[in-house]
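Undergrad: How does the following fold in three dimensions:
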Amino acid sequence: MIDLNGKVVLVTGTSGGIGAGIADRFALAGASVVHHRGLSDGDLRTSAADVVRQAFSRHGRLDAVVNNAGVQPVDPLPDMTVEQWQSVVDTNLTAPFAVTQAAVQYLPAGGSVTHIASIEGTHPAPGHAHYAASKAALIMHARAAALEYGPRGIRVNTVSPGLITRPDIESQWPSGVARWQAAAPLGRLGTPEDVGDACVFLASDLARWITGHDLVVDGGVTARPTW
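TA: Sure thing, here's the model as predicted:
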């Protein structure tokens, strides 16, 4: 088990299953976890700065950030409104940008930022044009941030999960679950803990020379040929 005793980690979006799983795995590794549900409406940069400053003030340090908060509505592209598009982009892309920009003022050399992206950043699904585009941009933001914050010793990566289990998913979407299980070489859906362990690894010294990387956590489904 990775030892993160003495480290402080800010995790956004902890009210959801994946966020809760990420927070739990960091706590299990010994880190002090600052939970945050999401940024308030209004000026994202000001809101993000307040969240990060409060996290630092509470513990006197900040070692890692996981930008997990996100939304995934289903809106067919031909009928998608600008407001629907912008809402997803604001939550999934602009908020992580703002949190990251605020956090690097407090992160020490060796600190890390991890964005939760998605395999849809490279493999879009119908009805998810705004979601897929936001996640693709999030992956590129991490690479750009890794380039510019690397001289400070700060690492920035992404974790791209596949289909993650949640309560009632099999009854709500039986055909999708069945297709996923048939396609995934490891034969199952992922768990929030699978995502959390990837985040813990990237925040640890074991990943000290890893930055600008997209760690895919999908049970191998994207290795499946589509032709």
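Undergrad: Could you use CA atoms for every contact and neighbour count after this?
TA: Will do.
Undergrad: average pLDDT across the biggest strand by length in the chain?
TA: In the chain, with assignment by DSSP state E, the single longest strand is strand 155-161. For strand 155-161, mean pLDDT rounds to 98.
Undergrad: which regions of this protein sit below the pLDDT cut-off?
TA: Along the chain, segments meeting pLDDT under 70 span 38-43.
Undergrad: how about a cut-off of 50?
TA: Low-confidence segments of the chain, defined by pLDDT under 50, are absent.
Undergrad: Show me the strands in it, by range?
TA: Counting by DSSP E, the strands of the chain are 8-12, 32-36, 64-67, 112-116, 155-161, 214-217.
Undergrad: Adding distance to Ala129 and mean neighbour count as columns, could you present those in JSON lines?
TA: Below are the strands of the chain laid out as JSON lines (distance: least, C-alpha to C-alpha, whole Å; neighbours: other C-alpha atoms under 10 Å):
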{"stretch": "strand 8-12", "distance to Ala129": "23", "mean neighbour count": "26"}
{"stretch": "strand 32-36", "distance to Ala129": "27", "mean neighbour count": "20"}
{"stretch": "strand 64-67", "distance to Ala129": "21", "mean neighbour count": "28"}
{"stretch": "strand 112-116", "distance to Ala129": "17", "mean neighbour count": "28"}
{"stretch": "strand 155-161", "distance to Ala129": "17", "mean neighbour count": "27"}
{"stretch": "strand 214-217", "distance to Ala129": "20", "mean neighbour count": "20"}
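Undergrad: Out of those strands, flag the one nearest Arg224.
TA: strand 214-217 (13.6 Å; C-alpha to C-alpha).
Undergrad: Does anything pack onto that closest one? Which helices or strands?
TA: For strand 214-217, the packing partners by 3 or more C-alpha pairs under 8 Å, 6 or more residues apart in numbering; DSSP states H and E come out as strand 155-161, helix 192-203.
Undergrad: Try it again at 7 Å.
TA: strand 155-161 (3 or more C-alpha pairs under 7 Å, 6 or more residues apart in numbering; DSSP states H and E).
Undergrad: roughly how far apart are Val74 and Arg179?
TA: For Val74, the distance to Arg179 (C-alpha to C-alpha, to the nearest Å) stands at 19 Å.
Undergrad: Tell me which of these two has more neighbours.
TA: Taking other C-alpha atoms under 10 Å, Val74 and Arg179 do not tie; Val74 has more neighbours (15 against 10).
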